[in-house]
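> just coords:
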C-alpha cells in the first residue's frame, strides 16, 4: 500500500535538527516572520521565555521532512494536522521529531500518526496527530 514501506500501528520514525540563528533568519526571509521575539534580544529578555525563540515553522518543517523522507516516506503529504506547541524552542536547541503510526486505512494510502517533538533536554515542545496520504508513482 505505502511506497517502499509497510506501515502498521506502532511503527515509529524520528528525525533531529539543531536550530541556528542562520536558519531563523532564512525562515524569516522566506516567510516575512520578523517577530521581535525571534530577533530582538532586549524584547525577548522581557518575555517569560527570557531569550530569543525560534519561529514555529522550523519545528513543524522538521515534521514535514520526517513524513516526506522517513515515514511514510517519499510521495507523502499531510492531509491534516492537529498539534499544539507546548514549550519554546531556542536558538541552538536540538529538536527530535517522532511520528508513530496509529492507524492505516484498509483501502487507501492514508495513515494517522501520533506526533511529538522534544528538545535535547527531554522537554516536549509539540504534540498532536496528523493524517497523511502517500502518492505512488504512476506506472510507465
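Arrived safely. If you're wondering where the values come from, they're calculated on a predicted model, not measured in any experiment.

> where does pLDDT dip in the chain?
Counting by pLDDT under 70, the chain contains low-confidence ranges at 1-5, 138-140.

> which residues of it fall in helices?
21-31, 36-39, 41-45, 56-65 (DSSP state H).

> turn the ones you listed into a markdown table, including distance to residue 117 and mean neighbour count.
Where C-beta positions appear, they are placed from N, C-alpha and C, glycine not excepted. Below are the helices of the chain laid out as a markdown table (distance: least, C-beta to C-beta, whole Å; neighbours: other C-beta atoms under 10 Å):
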| stretch | distance to residue 117 | mean neighbour count |
| --- | --- | --- |
| helix 21-31 | 15 | 14 |
| helix 36-39 | 18 | 16 |
| helix 41-45 | 21 | 12 |
| helix 56-65 | 6 | 17 |
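
> closest to residue 137 out of those?
helix 56-65 (20.1 Å; C-beta to C-beta).

> so what touches the closest one?
Contacts to helix 56-65, defined as C-beta atoms under 8 Å, 6 or more residues apart in numbering, come from residues 15-17, 19, 23-24, 27, 31, 33, 78, 81, 83, 85, 89, 95, 97, 99, 115, 117, 125-126, 130.

> centroid residue for this structure?
The chain has residue 63 as the residue nearest its centroid, 2.4 Å off, counting by C-alpha atoms, centre = their mean.

> just checking, residue 50 touches residue 44?
Yes: between residue 50 and residue 44 there is a contact at 7.2 Å, judged by C-beta atoms under 8 Å.

> ok so, going back, buried ones among the contacts of helix 56-65?
15, 17, 19, 23-24, 27, 81, 83, 89, 95, 97, 99, 115, 117, 125-126, 130 (16 or more other C-beta atoms under 10 Å).

> which stretches of this structure form strands?
Here the chain has its strands, by DSSP state E, at 12-18, 76-85, 94-104, 110-119, 124-134.
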